[in-house]
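S.K.: Just the structure for this:
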Amino acid sequence: MWILIGLLLVAAGVAGFFYMQHTKRELHAMIGTDTLTIPQLEDLRRISDDLGAIGGSDAERLPLGGGGRRAGGFRKVAGVVGTAHPRPEGPLVSEVSKSECVWYRYRIDRQYEHVEYRDGRRHRSKRTEKVVEHTSAEGYALIDEQGRTIGVDPNGTSPDGVEQSVNRFEPHHGRGGHSELFGIRLPAALGGGRDSTLGYEYKEWLIRPGRRMYILGEVHDKIGPLVIGKPEQGGHFLISTRTEHELRADRVQRHKFLAVGVIVAVVGGVAAVIGGLVS
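M.R.: All right, here's what the predicted structure looks like:
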């Protein structure tokens, strides 16, 4: 028993160590990357285009993006600050709260009572299973004080510090063994005939238009206008509603907690294993 507990603690310590290293790399990425304004990024793109036109061959100097410039040749890892702005088609509408937003994620869990028979006796336990989970994939933009915008390609990345718009539990009152979810008829007993649904837990997170944001990623012009997204050659991609200063402080604090936790878990795990072997 003690050996198993010790091995679990050591495994947790190893996992914590790798997470600690990831946190450290994120912090160093923020420290080592310049936060640039949209005009500064536009200037860097123009310089990149001019250098490409001077140093490239005749074929490379052909205007691929219109206006005499080579679209898609600019790459710059940078931090960008602005307020969330909807895409040209307009804001998204979240599924659960029906709120206007630029990004949302929701998850619905079914809570049910599970019944099983052991040793001739009936045992009941409450369990949870995921019914549905979805994250919006549409892009949006950041806009600065002068109305200049840069596109954002979220690429499935979960933003940091987003608003939780829904967190509620609704008891199940369906008749005939069914309930309604976004107009879809669901069985009340997804887990089997001995399970009875207690209710559904709804959770939703979103980013509303106008929310101040900090994004660390790679700025490119593959589609013409500047867009910030996940670096193609690997690297950190952070989307946060917190300021860069707040995000750095969070990573410093997290690294300290993880460092202590790793030491405690590994030392405690090794002691438990040794104790188990001795006994």
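S.K.: Packing partners of the helix or strand hosting R251?
M.R.: R251 is located in helix 244-278, with elements delineated by DSSP states H and E. Helices and strands touching helix 244-278, as assessed by 3 or more C-beta pairs under 8 Å, 6 or more residues apart in numbering; DSSP states H and E, comprise helix 2-32. Every C-beta, even on glycine, is put in place using the N, C-alpha and C of the backbone.
S.K.: Tell me which other helices or strands the helix it packs on touches.
M.R.: Using 3+ C-beta pairs under 8 Å, 6+ apart: helix 2-32 touches strand 238-240, helix 244-278.
S.K.: can you rerun that using 6 Å?
M.R.: Judged by 3 or more C-beta pairs under 6 Å, 6 or more residues apart in numbering; DSSP states H and E, the packing partners of helix 2-32 are helix 244-278.
S.K.: mind checking how far the helix it packs on is from the chain centre?
M.R.: 24 Å (C-alpha atoms, centre = their mean, to the nearest Å).
S.K.: mean confidence score for it?
M.R.: Computed over helix 244-278, the mean pLDDT rounds to 90.
S.K.: In it, which residues are buried?
M.R.: For helix 244-278, the neighbour count (16 or more other C-beta atoms under 10 Å) marks 244, 247, 250-251, 254-255, 258, 261-262, 265-266, 268-269, 272-273 as buried.
S.K.: which non-adjacent residue is nearest D160?
M.R.: Nearest-residue entry for D160: S240, 3.9 Å, with adjacent residues in sequence omitted and distances by C-beta to C-beta, 6 or more residues apart in numbering.
S.K.: Show me what counts as buried in the helix or strand containing V131.
M.R.: Secondary-structure assignment from DSSP H and E places V131 in strand 121-135. Neighbour counts using 16+ other C-beta under 10 Å place V131 of strand 121-135 among the buried residues.
S.K.: repeat for stretch 93-101
M.R.: 94-96, 99, 101.
S.K.: from the residues you listed, which single one is nearest K24?
M.R.: Nearest to K24 out of these is C101 (C-beta to C-beta; 32.3 Å).
S.K.: Run a quick check on that closest one versus V93, I expect a contact.
M.R.: No - C101 lies out of contact with V93 (C-beta atoms under 6 Å); the separation is 7.5 Å.
S.K.: quick one on the thing from earlier: who's in contact with the residue nearest to D160?
M.R.: With contact taken as C-beta atoms under 6 Å, 6 or more residues apart in numbering, S240 is in contact with 160-161, 214, 247.
S.K.: mind redoing it with 8 Å?
M.R.: 159-161, 213-215, 247 (C-beta atoms under 8 Å, 6 or more residues apart in numbering).
S.K.: Could you do A78 as well?
M.R.: Here A78 is in contact with 33-36, 41, 216-219, 228 (C-beta under 8 Å, 6+ apart).
S.K.: where in the stretch 1-150 of the chain is pLDDT low?
M.R.: Applying pLDDT under 70 to the stretch 1-150 of the chain flags residues 52-72.
S.K.: Let's see that with 90 instead.
M.R.: Scanning the stretch 1-150 of the chain with the threshold set as pLDDT under 90 gives 1-7, 19, 26, 46-73, 113-127.
S.K.: Which pLDDT does the model give G192?
M.R.: 47.
S.K.: can you check R168 too?
M.R.: So R168 comes in at 93 (pLDDT).
S.K.: Pretty sure it sits against G199.
M.R.: No - look at R168 against G199 with C-beta atoms under 8 Å: they stay out of range, at 9.9 Å.
S.K.: Compare the two (neighbour count), which wins?
M.R.: The residue with more neighbours, out of R168 and G199, is G199; 16 against 11, by other C-beta atoms under 10 Å.
S.K.: angle of the host helix or strand of the more buried one against strand 121-135?
M.R.: For G199, the element it lies in under DSSP H and E is strand 196-207. Between strand 196-207 and strand 121-135, the angle comes out at 20 degrees (axes from the mean of the first three to the mean of the last three C-alpha atoms, to 10 degrees).
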